[in-house]
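> Provide a 3D model corresponding to the input given below.
(one chain, ligands or ions: 1)
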Amino acid sequence: MSNDGIRQEQEFIDLLRARLGALEAQAESAVQAALGQEVTNAQTRLERDVRVAENSGLLAAYASGEHGLCFGRLVFRDGADHHIGRLGIRADDEERTPLVVDWRADIARPFYLATGYEPMGLRRRRHITTERNRVTALHDEILDLGDAERSGFEGSDADDVLLAALDAARTGRMHDIVQTIQAEQDRIIRAPHHGVLVVEGGPGTGKTAVALHRAAYLLYAQRELLARRAVLIVGPNPAFLAYIGQVLPSLGETGVLLATPAELFPGVRATGTDTPAAAAVKGAAAMADALAAHLRDLQALPDPALVVEHDDGVLILTREIAAAARERARATQLPHNLARPHFAFAVIDALTEQLVERLGHDPFGDENLLGPDDQALIGKAVAASAAVHAAIDELWPQLTPEQFLADYLEEPTHLPPADAEAVRRPHDSRPELPARWEWTPADVPLLDEAAELLGEDDSARRAAEEALRQEQIAYAQGVLDLSYGSRTQEFEDRDDEDSEYLAAHDLIDAERLADRQEEVDHRTAAERAAADRTWAFGYVIVDEAQELSPMAWRLLMRRCPTRSMTLVGDPAQTSEPAGCGSWDAALSPHVADRWQRVVLDVNYRTPAEIMDTAAAVPRTADPSFTPPRSVRSTGVRPWALNVPTAEELPGAVAKAVAEHTAPDRRLAVIAPEAELDALAAVVPEAARGVSPDLTQPVVLLAPAQAKGLEFDTVLVVEPDGFGANELYVALTRATQRMGVLHTATLPFGLELETVR
Ligand SMILES: Nc1ncnc2c1ncn2[C@@H]1O[C@H](COP(=O)(O)OP(=O)(O)OP(=O)(O)O)[C@@H](O)[C@H]1O
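Model (predicted):
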């Protein structure tokens, strides 16, 4: 009977694969046909692009179905019988009968939620385990206790499939969990809440997994909106983004931009580092006020008055003229660069009036001798004067965010003296600055703040676009001339009325050809969003949200005006100096109390033995601290090796790495930054760097890089060099084994079995 069950499911999956193959072929030829289609005008180009985009999206989704095409089956009491898979697939019949139901569809919910107590209409639930679409095991759960029928696949433990997934060797890439989403996780993934949802939970409670599956669910449930506006997922560092990067594509979803907070100002790569004190000051909300106040200082009044040389005599830009112009510009409430023309016009008007009064002065006290035309001419000359513009620049300079912030950091104002000292950067007069300045991650929200204060003057960009278009027309003209020239040479004899050999000139003029040459924007919304600072995302998900500073929250809130967000984090794992102390402090400036918090408290990653040890670290600060409950234990206790001297430490680590590396398993060495070079020298095979290749058997990481990651085995080196929260993170990264190598005494009351 057992073999029959497996064979039947295998036949069904084979049928699905065949259907998927046909759908793939269909989408592929639709892409080919669309690409080959002649584009004659904007309308046909748009149609072609839409067709290409739609079918390419389908192809990406179909590719995701290659594995785990079907992983579940629901048999309802009323006789309905549905297979569940990564994506929905319909038969090629008139009714387009569903063959397999997308895991995100409502009808699939009992797969995750039904219990014997609340069976949700189910008779039985089947987990289908496959390897490359070959059925390897079935697990049946009877939810209708009156049902006497048995398939032979009823396991005694319904958690077998989950435990097998948790025990599996790590690959260095996070995997989706659609086959084993737990009920408490499903409720969050499909939460109907529209505002800010905070998902809190200790290490390994599936926060990241839940956040990613929530993104996939929302992209399914609100496809139209989110395909247009895209979803932004923010994670703490490049290694983490590489680690989670495959989850959504494996679920067929690509309309997502993954970024670290430091990547959210297009055009700036933040490669520098701040001292903890500087990062804390730059991250604090007070920076926003300081920058705004500094900008107001730059809107200066002359003291004494500025003397402006002009062809028709000297102009005096008095404090009064500047004050009135400044008031007029500020009254517009526009950002600085956009208010600047208002300031400039007010100054030009006042100086023109000054000149007109002087030149047209009637010695007999009568009306001014200059007529309106003369006055207009004088006004034009003042407006065109380079000296007048230089004076305006001095009082109301046109600024880029980079220039503004670079100047500010050289001479920080409106901060307490100690804070100003912490963020001050030495003056650097290289001419390529600040474009080449090494910005730090904490500078990025400040650049964004500056961009908001300054406003985007896009006249230069528009002029550049127009220039580019003119270039394209000129280029197209060249192409036409060439083809016309070649026609006269090659086809002279055939140049009769009926010739089939049409040259480009016969069909198209230079401008239309330029349109064709123009790079068509095939980019997805996510790609366009990545290049646009002012993009408003449809949904934002922030992982390790406890690390964000108040200034970073300001930036993120600007990217999501609708405040449709899921934030996941664990305040106990905060390690950034400017990280949020509490959700309330982080969120109330933006959404008051309109946010909801849910808690996950089961640890799916770390075995109980390791978790018991790690919990000692937060407990030193908070004796009542309770870690999340581990879902499994391995019987293997974590260990410590006391190395007698610092010189011997690298050798001891190399030996431990050799001992604990196992085929198809991943091992991480997590050590204080200062130890990394020495360790890399003795473990040369280890991957390391800003974004190390986590798929390698051995990886070497600094504490901050380990955030959010997991490995089969973890070696924590010299824990004395870690901050408390960093150490808690490092100790909770292993799925199987963990060891600590140390020379100093173990900090935070860590108790471990000592090995030799
Ligand atoms: N329902 C599930 N089925 C299978 N695996 C799961 C499930 N939930 C969580 N996991 C696994 O548990 C591990 C930890 O999950 P995840 O990284 O999402 O936790 P986290 O709460 O973000 O952890 P941390 O805060 O420590 O980074 C991952 O390997 C994840 O795939």
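
> tell me the strands in the stretch 101-250 of the chain, going along the chain?
Per DSSP state E, counting those that start in this stretch, the stretch 101-250 of the chain carries strands over the ranges 122-131, 134-142, 196-201, 231-234.

> For the third one, C-alpha coordinates in CSV please.
Taking only C-alpha atoms (Å, rounded to 0.1, in the frame of the first residue of the first chain), the coordinates of strand 196-201 have been written out as CSV:
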residue,chain,number,x,y,z
VAL,A,196,3.4,49.0,11.1
LEU,A,197,3.7,45.4,12.4
VAL,A,198,6.5,44.7,14.7
VAL,A,199,7.6,41.0,15.0
GLU,A,200,9.8,40.5,18.0
GLY,A,201,11.5,37.3,19.1
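
> For the ligand, find the nearest of the strands of the stretch 101-250 of the chain.
Of all the strands of the stretch 101-250 of the chain, it is strand 196-201 that lies closest to the ligand, at 5.3 Å by Cβ to the nearest ligand atom. All C-beta atoms are positioned from the backbone trio N, CA, C, and that covers glycine.

> Give the partner strands of the closest one in its sheet and their orientations.
Note on strand 196-201: by DSSP bridges, its sheet partners are strand 565-569 (parallel), strand 595-600 (parallel).

> what sits up against that strand?
By Cβ atoms under 8 Å, 6 or more residues apart in numbering, the list of residues contacting strand 196-201 from outside reads 188, 191, 207, 210-211, 545, 563, 565-571, 583, 587, 591, 594-601, 628.

> Which residues are in contact with whatever residue of the stretch 501-650 of the chain ends up closest to the ligand?
Nearest residue of the stretch 501-650 of the chain to the ligand: Y604, at 3.5 Å (Cβ to the nearest ligand atom). Taking Cβ under 8 Å, 6+ apart as the criterion, Y604 is in contact with L162, L166, G204, T205, G206, V631.

> filter those residues by proximity to the ligand?
With Cβ under 6 Å from any ligand atom as the criterion, the contacts of Y604 include L162, L166, G204, T205, G206 near the ligand.

> Provide a list of residues in contact with the third one.
If I follow you right, that is G204. By Cβ under 8 Å, 6+ apart, the contact set of G204 is N603, Y604, R605, T606, P628, S630, E710, T732.

> Going by neighbour count, which of those comes out on top?
Highest neighbour count within the contacts of G204: T606, with 30 neighbours (other Cβ atoms under 10 Å).

> who's sitting farthest from the centroid in this protein?
The C-alpha centroid of the chain is most remote from F364, which lies 72.8 Å away (Cα atoms, centre = their mean).

> That residue and I378, how far apart?
21 Å (Cβ to Cβ, to the nearest Å).

> Same check on D712?
Counting by Cβ to Cβ, the gap between D712 and I378 amounts to 81 Å.

> Phi and psi next, for the nearest residue to V314 once chain neighbours are set aside.
Among residues not flanking V314 along the chain, V307 sits closest, at 5.8 Å (Cβ to Cβ, 6 or more residues apart in numbering). Here is the backbone geometry of V307 (degrees, to the nearest 10): phi -100, psi 120.
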